[in-house]
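>>> The following block contains a protein sequence and its predicted model.
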Amino acid sequence: MKTRSMAALTAILVVAPLVAAAPGSPAAAQSRPGGSARSAESTLVGGIDLDTVTIPELQARMDRGSLSSVRLTLAYLRRIKAVDPRINAVLRTSPTALTQAVASDLRHRLGRTRGPLDGIPVLLKDNVNTRDLPTTAGSLALAGKPPAADAELVAKLRAGGAVILSKANLSEWANFRGARPTSGWSAVGGQTHNPYVLDRNPCGSSAGSAAALAASLAQVAIGTETDGSIVCPAGMNAVVGLKPSLGVVSQSGVVPISAEQDTAGPMARNVIDTALTLSVIGGDTVRAANAPDLAEAAARPGALRGKRIGLWRLPVLGAEVDALMTRTAERLRASGATVVEVDLPYQDRLAELEFPALLSEFHRDIDAYLATREGPRDLAGLIEFNRTHPQEQSCFAGQELFEQALVAPPTTDPAYVAMRAELTDLSRRSIDEVMAEHRLDAIASPANPPAWTTDCARGDNDVIPSSTPAAVSGYPSLSVPAGFVGELPVGLLLMAGHHQDTELLSLGAAVEHRLDGRRAPRYLPTLPATGTTGGATR
């Protein structure tokens, strides 16, 4: 028998009995006493807790043969079926996920694994091209035929043996459509809910990626950010999110807003998994062989001793968040770090210039992307599509940002060129000057306010300034769970200098270990009104 045929037969023999016991099948119901709901919702599988296990722990078990990728993948598929109806974070699962897992198990048995993500289920934000699954950016305009090719980062994930598990809901067009959008809503997927309190917002636009991770619906996820859309959802859902330095992760095949600021980045429930995912999608930026050392180094006594961290408080995010930052600073100081209060300059000017620059860049970049897809061929066609499809207006009707981008100056205009040059200069100086003055290893700030109540009629209020300096400068930023305001998570955002991604992840692992700021969600339906509001991020 030919090798290819033997591999196919092996896949059938391994997968068939598992699919027979997959969620919703009679065999599955019979195999679980008392029905399927309780066991399907459990985060326990094969003696491990999906909510806390790390990729190195999973890989060690797969190497020993005590866990298979098929079993791990099936556990996540069961959780998606059981849990996702409450949070609406997952748009679709891959019909080939179990087949991908079988191939990984064969590689593990043969000693031919491809790296740290081999056999690990990964969720992708639905603005990242996949040749075998729809890629919609949340819009019905792209809901037809999938793209012709994978995004470059997806090709790297496949080459590394990762299991492409599912696509995640997002804020439609990455929150770059209406002037008052509702984060986590798209015409394709509806509204994603915050797993901690279901009527609260998950923050945008990587809302589905973060909410799904909080609910343990995948081991790692890919988000994207122009300004805040990885780090804010990470903070608001008590997970880890890295916005890498600009250019570390290829943007080829990712629905754009601005080539000057866009980046995809890894998200996970811990820093070690975030670092390992970056090592695959970002090449040599973080080497896989060194990434597991982060966990050991972070747990050592004195891991933070001698580190200097600047605290940018941002009281605009509220007294409760500020009090949490005070407690955070005290814990870091108790671990040997020096924490100094800082204020970042030039922020008013950055706020004045960023949006007009993004309008020009979006028109240029979205036209180039749409030319590669079936559907509207340019921004003007996209605007007309939204006008004539009522479902695109079912949460909020506006597309003011599209309309403003259509008439924005081209990126060849001298005024635009000067604007982007000033943005780059001031944003980098805002970080570089403060870090140099205080001899800092990083700057810390709150990543988000407590989650606001989701409301299509009101939309979001844009009052989350902490992500802007790193987003505009192209420098890395990392959100790690800091703690809670009542039942609502708040992240600590760490920023560092250009291409200091590895150093930032190392520091972030130590901070994560010291703060221990995450707990699993309880899916509370609501909380008493507190007046908390927040802002949209892209």
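Yes, it's here.

>>> Name the residues of stretch 329-346 that come out as buried.
329, 331-332, 335, 337-339, 342, 344, 346 (16 or more other CB atoms under 10 Å). C-beta: built from backbone N, CA, C; applies to glycine.

>>> repeat for stretch 505-524
Buried, per 16+ other CB under 10 Å, within stretch 505-524: 505-515, 517-518, 520-521, 523.

>>> can you tell me the distance between the two ends of it?
32 Å (CA to CA, to the nearest Å).

>>> returning to what we had before: which one of the buried residues of stretch 329-346 is nearest to residue 495?
Checking the buried residues of stretch 329-346 against residue 495 with CB to CB, the nearest one is residue 344 at 9.1 Å.

>>> if I look at the closest one, how far off is residue 313?
11 Å (CB to CB, to the nearest Å).

>>> got a list of what residue 281 touches?
By CB atoms under 8 Å, 6 or more residues apart in numbering, residue 281 lies in contact with 153, 156-157, 222, 249, 264, 266.

>>> The stretch 101-250 of the chain: strands as residue ranges?
Secondary structure of the stretch 101-250 of the chain by DSSP state E, counting those that start in this stretch: the strands cover 121-125, 163-168, 185-186, 190-191, 220-225, 240-243.

>>> Oh, that last question was meant for the stretch 301-450 of the chain, not what I typed.
Counting by DSSP E, counting those that start in this stretch, the strands of the stretch 301-450 of the chain are 308-311, 338-341, 442-446.

>>> Would you pull up how far stretch 59-70 lies from the middle of the chain?
Relative to the chain's own centre, stretch 59-70 is displaced by 26 Å; criterion: CA atoms, centre = their mean, to the nearest Å.

>>> what's in contact with it?
So stretch 59-70 is in contact with 14-15, 18, 46-48, 58, 98, 100-102, 104-105, 108-109, 113, 116, 118-120, 163, going by CB under 8 Å, 6+ apart.

>>> pLDDT below threshold where in the chain?
1-40, 283-292, 462, 529-538 (pLDDT under 70).

>>> Residue 236 and residue 489 touch, don't they?
Yes - with contact defined as CB atoms under 8 Å, residue 236 reaches residue 489; the gap is 6.1 Å.

>>> Now do the shared contacts for the two.
residue 451.

>>> higher neighbour count, those two?
residue 236 (35 against 29; other CB atoms under 10 Å).

>>> what's the burial count for residue 82?
Residue 82 has 19 nearby residues by other CB under 10 Å.

>>> That one should be in a helix, yeah?
Yes - secondary structure of residue 82 (DSSP: H, G, I helix; E, B strand; the rest coil): part of a helix.

>>> separation between it and residue 367?
For residue 82, the distance to residue 367 - CB to CB - is 42 Å.

>>> repeat for residue 431
32 Å.

>>> ditto for residue 279
From residue 279 to residue 367 the distance is 34 Å (CB to CB).

>>> How about the contacts made by the residue nearest in space to the middle of the chain?
Centre of the chain computed as the mean C-alpha position; nearest residue by CA atoms, centre = their mean is residue 223, 3.3 Å away. Taking CB under 8 Å, 6+ apart, we find residue 223 in contact with 125, 206, 209-210, 229-230, 233-234, 241, 264-267.

>>> And the helices in the stretch 301-450 of the chain?
319-334, 347-370, 379-387, 400-406, 414-438 (DSSP state H, counting those that start in this stretch).

>>> among these, which is nearest residue 308?
That would be helix 414-438 among the helices of the stretch 301-450 of the chain, by CB to CB, at 6.6 Å.

>>> Touching, residue 459 and residue 177? I think so.
No - counting by CB under 8 Å, residue 459 does not reach residue 177; the two are 11.4 Å apart.
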